[in-house]
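# Pasting the sequence and the predicted model now:
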Amino acid sequence: MTVNAKPDAGTHTWRDLPAAQQPDWPDSEALRDVIAELESYPPLVFAGECDQLRARLASVAKGEAFLLQGGDCAEAFDAVSAEQIRNKLKTLLQMGAVLTYAGSVPVVKVGRIAGQYSKPRSKPTETRDGVTLPSYRGDSVNGFEFTPEARTPDPQRLKRMYHASSATLNLVRAFTTGGYADLRQVHAWNQDFVKNSPSGQRYEALAREIDRALNFMNACGVDPEEFKTVEFYASHEALILDYESALTRVDSRTGDLYDVSGHMVWIGERTRQLDGAHIEFASRIRNPIGVKLGPATTPEDALTLIDRLDPDREPGRLTFITRMGADKIRDRLPTLVEKVTASGAQPVWVCDPMHGNTFEAASGHKTRRFDDVLDEVKGFFEVHKSLGTHPGGIHVELTGDDVTECVGGGDEIFVDDLHQRYETACDPRLNRSQSLDLAFLVAEMYRDQ
Ligand SMILES: O=C[C@H](O)[C@H](O)COP(=O)(O)O
Ligand SMILES: C=C(OP(=O)(O)O)C(=O)O
């Protein structure tokens, strides 16, 4: 593809439309300079890789594979360390191994990683002790610290986002292709974890079975290259359109536009207005696109989104990520799936069981109950089973660290534990043990399906 190509005018049509959730940059000239610099930077991913992910997602849409999409709610610049990236990756690899082996299905692995630095917020400002400041919108925009200096949007942070994404992606590529992700390492991913966690022990038993299967294949003379590396893709919410469009390039093979900031991008629940800038931007690029659908989504909304984003009804192009809440999914999802299926469209249906299940604990911590997360996934499987459609995957906020942000799970976290390791900059994530619990339970649901 064309490296350093000037972004095409086609990516700027969004500028004429209302763009929700954009920062109030105080200095537009400084922003322009940053955009010009970003436009000259090399791509973070290649168009061909985006096409490959679209092909993998087409298999998911056809019911032949399962999507595991997960990672931080909000990545942070100071968390770009080998240890934290490895922990996240390890958790996703372990979940992938559980789903593949126990669910007997190929798993497409996509991180919320290497670009997930921007957050839409419910309120533009935050007030503490009578002081009101702009809300934290992710490290790409402003700082988490509650001071006027930190909370003032700074466009230089967009360049830091690019470099942080680049460093992360570089390490992820090294881990996934350089031996660390070899299936023979299934035990190594678990070493630090097995002794003191029930899910780690359950995983260890599964890893022994995988080992036996590998030894058997080996003894038969089969040692496929596919087991030595892992295909892993990066995704994030395409929120700050100045950044995303500055990183959009023309693919020299086809003349099509690709947002080369990540393989897949999604449009959030708060920015998916049909006549808004985000949908216009997404309609111009060839990357696989996700759209979050909350409980108020009507079938007409979903059908119009399909017309805008996937007019050719191409399997793999569009992923609907539903985030209804455990108490609503069984009520709201059936009509959406029915009407979309009747229209002939074949999007990937994915369940985000996190964003509809957030509540505030008495301590003031935003949290989620593991049981609600699980119940929403169960509802998702039930609805698809009753309609004969494919439950295509899960989209989860998680971390590889042993944080205490969501309550419940086999290695139970109680409301009173939340303060112990509450490290998220925005929404609560499943920790490693809760993530593995979820993978085992989803694998069972998939098998039963
Ligand atoms: O991750 C999603 C959103 O950014 C988040 O749920 C918004 O949180 P808020 O309601 O605290 O703004
Ligand atoms: C903001 C997010 O979700 P939603 O748009 O579904 O609220 C998110 O996934 O980070």
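Alright, I've got the coordinates. Ligands and ions are numbered 1, 2, ... in the order given.
# what residues does the stretch 201-350 of the chain put near ligand 2?
E237, G268, E269, R270, K292, R323 (CB under 6 Å from any ligand atom). (Glycine included, C-beta is placed from N, CA and C.)
# quick one: which two of those are the most distant?
E237 and R323 (12.5 Å; CB to CB).
# re earlier: can you pick the most crowded of the residues of the stretch 201-350 of the chain next to ligand 2?
Taking other CB atoms under 10 Å as the neighbour criterion, E237 ranks highest of these with 26 neighbours.
# This protein: helices as residue ranges?
28-40, 47-61, 82-103, 148-151, 156-177, 198-219, 241-246, 277-284, 299-309, 329-342, 370-387, 432-448 (DSSP state H).
# Out of those helices, which is the most enclosed?
helix 241-246 (a mean of 24; mean count of other CB atoms under 10 Å).
# Could you confirm whether stretch 311-330 reaches ligand 1?
No - Stretch 311-330 stays clear of ligand 1 (CB under 6 Å from any ligand atom), getting no nearer than 9.4 Å.
# And that stretch, end to end?
28 Å (CA to CA, to the nearest Å).
# For the residue of the chain found nearest ligand 2, give me its contacts.
The minimum distance from the chain to ligand 2, using CB to the nearest ligand atom, falls at G268 (2.9 Å). Residues counted as contacts of G268 (CB atoms under 8 Å, 6 or more residues apart in numbering) are Q21, P120, E237, L239, H278, K292.
# These in strands, which ones?
Within the contacts of G268, residues falling in strands by DSSP state E are E237, K292.
# And the closest residue to M264 other than its chain neighbours, how close does it get to D251?
Distance criterion CB to CB, 6 or more residues apart in numbering; nearest residue to M264, sequence neighbours excluded, is S235 at 4.0 Å. Remark: distance between S235 and D251 (CB to CB, to the nearest Å) = 19 Å.
# who's more crowded, these two?
Neighbours of S235 and D251, each counted by other CB under 10 Å, are more numerous for S235; the result is 26 against 20.
# For that one, list the residues it contacts.
S235 touches 69, 110-113, 115-116, 262-266, 290, counting by CB under 8 Å, 6+ apart.
# can you tell me which residues contact the residue most central in space within the chain?
Among the residues of the chain, the one closest to the centroid is R112, at 3.4 Å (CA atoms, centre = their mean). Shown in contact with R112 (CB under 8 Å, 6+ apart): Q69, G70, G71, D72, C73, S235, H236, H395, E397.
# ok, the last one - contacts?
E397 is in contact with G70, G71, D72, C73, R112, M354, D427, P428, R429, L430, counting by CB under 8 Å, 6+ apart.
# in the sheet, who's paired with it?
G71 (DSSP bridges).
# per-residue confidence for it?
Looking at E397, its pLDDT reads 98.
# The fifth one too?
Confidence at C73, expressed as pLDDT, is 97.
# same question, the first one
For Q69, the model assigns a pLDDT of 98.
# hang on, it packs against V396?
Yes - with contact defined as CB atoms under 8 Å, Q69 counts as touching V396 (7.3 Å).
# S166 reaches P43, doesn't it?
No - using CB under 8 Å, S166 is not in contact with P43; the gap is 10.0 Å.
# and S261, what does it touch?
S261 neighbours (CB under 8 Å, 6+ apart): L44, V45, G115, Y162, S165, H236, A238, Y243, E244, L247.
# Out of these, the closest to V34 would be?
Y243 (8.8 Å).
# For the nearest residue to the closest one once chain neighbours are set aside, which residues are in contact?
Of all residues not flanking Y243 in the chain, L158 sits nearest, at 5.0 Å (CB to CB, 6+ apart). Contacts for L158 (CB under 8 Å, 6+ apart) come out as V34, I35, L38, S140, I240, D242, Y243, A246.
# surely the fourth one meets I240?
Yes - under the criterion of CB under 8 Å, S140 lies in contact with I240, with a separation of 6.0 Å.
# anything in contact with each of the two?
S118, L158.
# ok, so of the residues of the stretch 201-350 of the chain next to ligand 2, who is nearest G255?
E237 (26.8 Å).
# if I look at that closest one, how far off is ligand 1?
Look at E237 and ligand 1: by CB to the nearest ligand atom, to the nearest Å, they are 8 Å apart.
# Quickly list what that residue is bridged to.
In beta-bridge terms (that is, DSSP bridges), E237 pairs with W266.
# Verify the stated contact: it with Y117.
No - assessed by CB under 8 Å, E237 is found out of contact with Y117, at 9.4 Å.
# Identify the residue nearest Q21 in space, chain neighbours excluded?
In space, Q21 is closest to P120, 4.3 Å off (CB to CB, 6+ apart).
# That neighbour reaches L239, doesn't it?
Yes - between P120 and L239 there is a contact at 6.1 Å, judged by CB under 8 Å.
# Who are the packing partners of the helix-or-strand element of the chain with minimal mean pLDDT?
Least confident helix or strand, the chain: helix 198-219 with a mean of 84, by mean pLDDT, DSSP states H and E. Helix 198-219 sits against helix 82-103, helix 432-448, with contacts defined as 3 or more CB pairs under 8 Å, 6 or more residues apart in numbering; DSSP states H and E.
# could you give the mean pLDDT of the last one?
Averaged across helix 432-448, pLDDT comes to 92.
# Return the alpha-carbon coordinates of it using CSV.
Presented in CSV, the C-alpha positions along helix 432-448 are these (Å, rounded to 0.1, in the frame of the first residue of the first chain):
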residue,chain,number,x,y,z
ARG,A,432,-7.5,-12.5,34.6
SER,A,433,-9.3,-15.1,36.8
GLN,A,434,-12.8,-13.7,35.9
SER,A,435,-11.8,-13.6,32.2
LEU,A,436,-10.8,-17.2,32.3
ASP,A,437,-14.0,-18.2,34.2
LEU,A,438,-16.0,-16.4,31.5
ALA,A,439,-14.1,-18.2,28.7
PHE,A,440,-14.9,-21.6,30.2
LEU,A,441,-18.6,-20.8,30.6
VAL,A,442,-18.9,-19.4,27.1
ALA,A,443,-17.2,-22.5,25.7
GLU,A,444,-19.8,-24.6,27.4
MET,A,445,-22.6,-22.4,26.0
TYR,A,446,-21.1,-22.7,22.5
ARG,A,447,-20.9,-26.4,22.7
ASP,A,448,-24.5,-26.7,23.9
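# could you list every residue that touches the residue in the stretch 301-449 of the chain that ligand 1 sits nearest to?
In the stretch 301-449 of the chain, the residue found nearest to ligand 1 is D427; the distance is 4.3 Å by CB to the nearest ligand atom. Neighbouring residues of D427 by CB under 8 Å, 6+ apart: C73, A74, M354, H355, T358, K366, E397.
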